[in-house]
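>>> with the sequence up front, the predicted model follows.
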Amino acid sequence: MIYPETLEKIINFYKKMPGVGDKSAERMALATIDLKDDDLKDMAKVLENTKSKLKNCQICGQLTENDICNICSDSTRDKNLICVIEDYKSVFSFEKVGNYKGVYHVLNGLISPMDDIGPEDINISSLVKRVEEAENPELILALKSTIEGETTTLYIKKIFEKKNVTISRLSYGIPMGAEIDYLDIITLDKALEDRKKISE
């Protein structure tokens, strides 16, 4: 071990973050040590409060500090236009684009029989309820082009095929298998604008 044990623990903590390798983790750990005492205490407090303060919106499943997120509680948003996404990170991506005026529905996962994840394991039942309460709803399926994403898309399309629901999906300008939250704003905006209707 070339680092003191405490520093090693900090480095290993940062390495658990997505996209952080050995060198980045080391730089972040050393930068953490260089923080002023007050800043370090504030950082520790923020991290400690993260799990207790953040929760899922009771309507859409997005991260919020309140029971209902600021998007669902916004009266100017079109509640009949629902963008269905895999996880809350994609909400931030769409909101950065700034042109989408509908609402979201976070599935918190995708159907994956190989991983023993079925429709009952993700946030689909509440989507059905939202659609039933909407007037002339449109679902925009913004799921990644993987086997799991396609399986989930087909399942959602099937459960709404006998109902008066327009279903569209993002255009195929998005690379196969791409994560929504890693797309640049222009690509995401164009994919939303050029969405394709997939319901009958």
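Happy to help now that I have it. All of these numbers come straight from a predicted model, not from anything done at the bench. Residues are numbered from 1 along each chain as shown.

>>> okay, residue 19 and residue 28: tell me how far apart.
Residue 19 is 12 Å from residue 28, where distance means CB to CB, to the nearest Å. The way it works is simple: take the backbone N, C-alpha and C, and place the C-beta from them, glycine included.

>>> out of those two, which sits in the busier spot?
Using other CB atoms under 10 Å as the criterion, residue 19 and residue 28 rank with residue 28 on top: 16 against 6.

>>> and stretch 16-35, what's buried?
Neighbour-count burial for stretch 16-35 flags 20, 25, 26, 28, 29, 32 (criterion: 16 or more other CB atoms under 10 Å).

>>> report the next helix or strand after the lengthiest helix in the chain in sequence order.
Across the chain, the helix with the greatest residue count (assigned by DSSP state H) is helix 37-53. Next in sequence after helix 37-53, counting helices and strands by DSSP states H and E, comes strand 55-56.

>>> partner strands of the helix or strand harbouring residue 168, parallel or antiparallel?
Per DSSP H and E, residue 168 falls inside strand 166-169. Its sheet considered, strand 166-169 pairs with strand 138-142 (parallel), strand 196-197 (antiparallel) by DSSP bridges.

>>> buried deepest among those strands, which one?
strand 138-142 (a mean of 23; mean count of other CB atoms under 10 Å).

>>> next one: it to chain centre, how far?
Taking CA atoms, centre = their mean, to the nearest Å, the mean C-alpha location of strand 138-142 is offset from the chain mean by 14 Å.

>>> alpha carbons of it, as CSV, please.
Below are the C-alpha coordinates for strand 138-142, written out as CSV (Å, rounded to 0.1, in the frame of the first residue of the first chain):
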residue,chain,number,x,y,z
GLU,A,138,-49.5,10.6,-25.7
LEU,A,139,-46.6,8.5,-24.4
ILE,A,140,-43.2,9.3,-25.7
LEU,A,141,-41.0,6.2,-25.1
ALA,A,142,-37.5,7.5,-24.5
